[in-house]
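Visitor: One predicted model, sequence on top.
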Amino acid sequence: MIRNGIDNIKEYSRLLRGKRLGLITSPTGLAADFRSTIDILHEQFQLTALFSPEHGVRGDQEAGALVGAYRDPATGATVHSLYRKDSKRLTKEMLDEVDIVVYDIADVGTRYYTFIYTMLYALEDCAASGKPFVVLDRCNPLDGVTVEGNVLKEGFRSFVGNYSLAVRYGLTAGEIAVMANEEMGWGAELHVIRCQGWERSMLHPDTGRVWIPPSMGIPRFHSALLYPGTCLFEGTNMSEGRGTTAPFEIIGAPFVEPERLAKEMNAKGLSGVHFRPVYFKPTASKNAGELCGGVYVHVMDERAVRPVETGVQLLYTVRRLFEKEFQYLPPFRENGRPFIDLLCGDALYREEGTDVGALLERFREESAGFALRKRDYHLYN
């Protein structure tokens, strides 16, 4: 079985012993035997503080929920939120409680997912305060080879994209930490406790590990696999499937004609996917309680599917077929830009008269450039 960083913690005990530890984690912080990283560090070392990303260290917070400090009943450690309205940073007061900060959260391999920026903010904060930072690395479920989508541009930074990554970046969290630490010149004392047995070509099903949902919106591996493309619908007035049993696999809205949309999408012959017409009624999020028409995006070949191209093609097809009803959401509180711009890392999706083929070719060129850039930071073969 593939071993993640936490499974190798005993080999690094000298790094942690005698130190006050602060742990950034979530419900995905589990060892191979399903023991929590929180419990393991509490039992073996001096766990002083827990730092909570979006969704909480125990997974009991809704997306976007803001929570104050509280005491973790199982360990007695203070839980500080790193998902606050005013800041998502480690404060001086938080860092004064610890000697070293440890990060252990499963990633989904996609630029929009906020946990990566929680890690990078904390890494930068530790560098500024002289505190060592440890990443308990984990496999990238979308493999460490495939790169897709454009690279985020300056002026479009936000909490759904705050570093110049491709959409699907083909790196582990530890590799991203090494890359950012060097490229940004932070100079942090960074330690990556590596995975064992993981090969870059592996998708999650190849690892033999159980899928632990990284958040309520990513319940299955196929949700994560399609997420780099279908997450774009979070920037529109359409449902991205939240409030259904298949978020990011079901896409639709009250104005969508399912059969028409499915026929158009299947005619494109996109690799690895099939579009099935569906009707659904979300119980939460956009269009909650409304009957929606749409498509269920079925993954037919996990290696062949290219989720970014699938999502972009679906976005522009819906925009063309239902142009009177389709809308991008208004400017977001961050940056004053529409949310679709923050997801894109550019303003491309709102341009009129876009040639989708040319746009995707541009994305392929940027992906190829990023694939070359990232090679210097690979920790695994």
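Guide: Sure, I can see it.

Visitor: By mean pLDDT, flag the weakest helix or strand of this structure.
Guide: Ranked by mean pLDDT, DSSP states H and E, the weakest helix or strand in the chain is strand 70-71, scoring a mean of 84.

Visitor: Can you give the contact residues for that strand?
Guide: For strand 70-71, the surrounding residues in contact (CB atoms under 8 Å, 6 or more residues apart in numbering) are 77-79. In this view, the C-beta of every residue, glycine as well, is placed from N, C-alpha and C.

Visitor: Columns neighbour count and distance to residue 113 on top of those residues, output as JSON lines?
Guide: Converted to JSON lines, those look like this (neighbours: other CB atoms under 10 Å; distance: CB to CB, whole Å):
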{"residue": "77", "neighbour count": "23", "distance to residue 113": "25"}
{"residue": "78", "neighbour count": "16", "distance to residue 113": "26"}
{"residue": "79", "neighbour count": "20", "distance to residue 113": "21"}
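
Visitor: in the helix ranked longest in the chain, what's buried?
Guide: Assignment by DSSP state H gives helix 356-374 as the longest helix of the chain. Under the neighbour-count criterion of 16 or more other CB atoms under 10 Å, helix 356-374 has 356, 359-360, 363-364, 366-367, 370-371, 374 buried.

Visitor: Helices of this structure, start to end?
Guide: According to DSSP H, the helices that the chain contains are 13-16, 37-44, 92-96, 115-129, 173-183, 221-230, 258-266, 307-321, 339-344, 356-374.

Visitor: Please name every helix or strand in contact with the third one.
Guide: Packed against helix 92-96, as judged by 3 or more CB pairs under 8 Å, 6 or more residues apart in numbering; DSSP states H and E, are the following elements: helix 115-129.

Visitor: re the thing from before, and the least confident helix or strand of the chain, which strands flank it?
Guide: The strands that strand 70-71 pairs with in its sheet are strand 78-81 (antiparallel) (by DSSP bridges).

Visitor: Averaged pLDDT, the partner strand. What do you get?
Guide: Averaged over strand 78-81, pLDDT sits at 93.

Visitor: Relative to residue 150, which of the contacts of strand 70-71 is nearest.
Guide: Within these, proximity to residue 150 (CB to CB) peaks at residue 79, which comes in at 36.4 Å.

Visitor: For the closest one, which non-adjacent residue is closest in space?
Guide: The shortest distance from residue 79 to any non-neighbouring residue, by CB to CB, 6 or more residues apart in numbering, is to residue 50 (4.5 Å).

Visitor: likewise residue 145?
Guide: residue 200 is the one closest to residue 145 (CB to CB, 6+ apart), at 5.0 Å.

Visitor: Number of residues surrounding the one you found?
Guide: Residue 200 sits with 17 neighbouring residues when counted by other CB atoms under 10 Å.

Visitor: Surely it touches residue 381?
Guide: Yes. Using CB atoms under 8 Å, residue 200 is in contact with residue 381, at 6.6 Å.

Visitor: ranges for the strands of the stretch 101-250 of the chain?
Guide: In the stretch 101-250 of the chain, the segments counted as strands under DSSP state E, counting those that start in this stretch are 133-136, 148-151, 166-168, 190-193, 250-253.

Visitor: highest average neighbour count across those?
Guide: Comparing the strands of the stretch 101-250 of the chain by mean neighbour count (mean count of other CB atoms under 10 Å), strand 166-168 comes out on top with a mean of 28.

Visitor: Relative to residue 102, which of the buried residues of helix 356-374 is nearest.
Guide: Lowest distance from residue 102 to these (CB to CB) belongs to residue 374, with 24.1 Å.

Visitor: was I right about the closest one contacting residue 179?
Guide: Yes. If you go by CB under 8 Å, residue 374 and residue 179 touch, sitting 6.7 Å apart.

Visitor: Give me the common contacts of the two.
Guide: Jointly contacting residue 374 and residue 179 under the rule CB under 8 Å, 6+ apart are residue 171.

Visitor: Let me see the contact set for residue 47.
Guide: Neighbouring residues of residue 47 by CB under 8 Å, 6+ apart: 21, 23, 38, 41, 75, 77.

Visitor: before we move on, the earlier item: pick the one among the buried residues of helix 356-374 closest to residue 115.
Guide: Once CB to CB is applied, the member of the buried residues of helix 356-374 that ends up nearest residue 115 is residue 374, at 18.6 Å.

Visitor: Which residues are in contact with the closest one?
Guide: By CB under 8 Å, 6+ apart, the neighbours of residue 374 are 147, 169-171, 175, 179.
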